[in-house]
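# here is the input, now give the coordinates:
(one chain, ligands or ions: 1)
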Amino acid sequence: MSGAASLPALAADARPKAYQRVLLTNERGDPFKASSLTVQTNYVFHYPFEATPVFLLDLGKAVPPSNPAALKTKGGESYAWPGGVGMKKSIVAFSAICAHQLVYPTQQLSFISFRKGTPVNAKTPNHGADLIHCCADHSQYDPAQGAKVLGGPASQPLCAILLEHNAKDDTLTAYATLGGELFDEFFKKYEAKLSIEVGSKAKNAVTQRTPVRELDKFCRNPVKC
Ligand code: FES
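You can find the predicted model right below:
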């Protein structure tokens, strides 16, 4: 089994925060095979709460752990990120709630997503590709570096979602977050909206299983900017 079976001891201030262990599944509820991910394609699942979306990405190349204390929350807590999981150590997951003003993907609209090799416009100083980009105010995050902020007004990386990969059956299990969580602010800001979109279970912890979908199938209007 690759990935951490228990919370990794990462030398830094911010520690992994454990939530329920939740198996990623396909839309039929069968275990999702990590090797079925299309490389550099946006997938979404919800964790650790029913209404909190997560980006799941296979970056197509091994993603090493960050240096110790390479990342920092807006509260000043530093942390190291454990890198990719899976056969090639290329699979990563981050909360899809933008660390600037909490923009997130819904079934109707998504301003934030991973951009594969797309040229960026003049408002985006980092002309690199393969970044998570938020069109609201052009924050850019590097998924190969723990979602470190590379541009724009975001004051901290996207919160990492820690995954365990079971090499025997090629499944993925989410088990913790690492970094600056924004769930309290998210639920406060979008309380009314979430009650319509998700209903009374919005703040419920996800238990046991969570389905993975391609962003382009989950969301009717993925905005590109
Ligand atoms: S909300 Fe994402 S950059 Fe402002």
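
# is the residue nearest the centre of the chain in a bridge, and if so with what?
For the chain, Phe94 is the residue whose C-alpha lies nearest the centre (Cα atoms, centre = their mean; 1.6 Å). Beta-bridge partners recorded for Phe94 (DSSP bridges): Phe55, Ala160.

# give me the distance between it and Gly29.
Distance, Phe94 to Gly29, by Cβ to Cβ, to the nearest Å: 24 Å. (Each C-beta comes from the backbone N, C-alpha and C, glycine too.)

# ok, Pro53 next?
Separation of Pro53 from Gly29 (Cβ to Cβ) stands at 19 Å.

# wait, doesn't Leu150 sit right on Tyr141?
Yes. Using Cβ atoms under 8 Å, Leu150 is in contact with Tyr141, at 6.7 Å.

# give me the low-pLDDT residue ranges for this protein?
1-12, 118-128 (pLDDT under 70).

# show me what from the protein comes close to the ligand.
Residues of the chain found near the ligand (Cβ under 6 Å from any ligand atom) are 98, 100-101, 103, 134, 136-137, 139, 152-154.

# list buried residues within the residues you listed.
98, 100, 103, 134, 136, 139, 152, 154 (16 or more other Cβ atoms under 10 Å).

# now for those: which two are most distant?
Val103 and Gly152 (11.5 Å; Cβ to Cβ).
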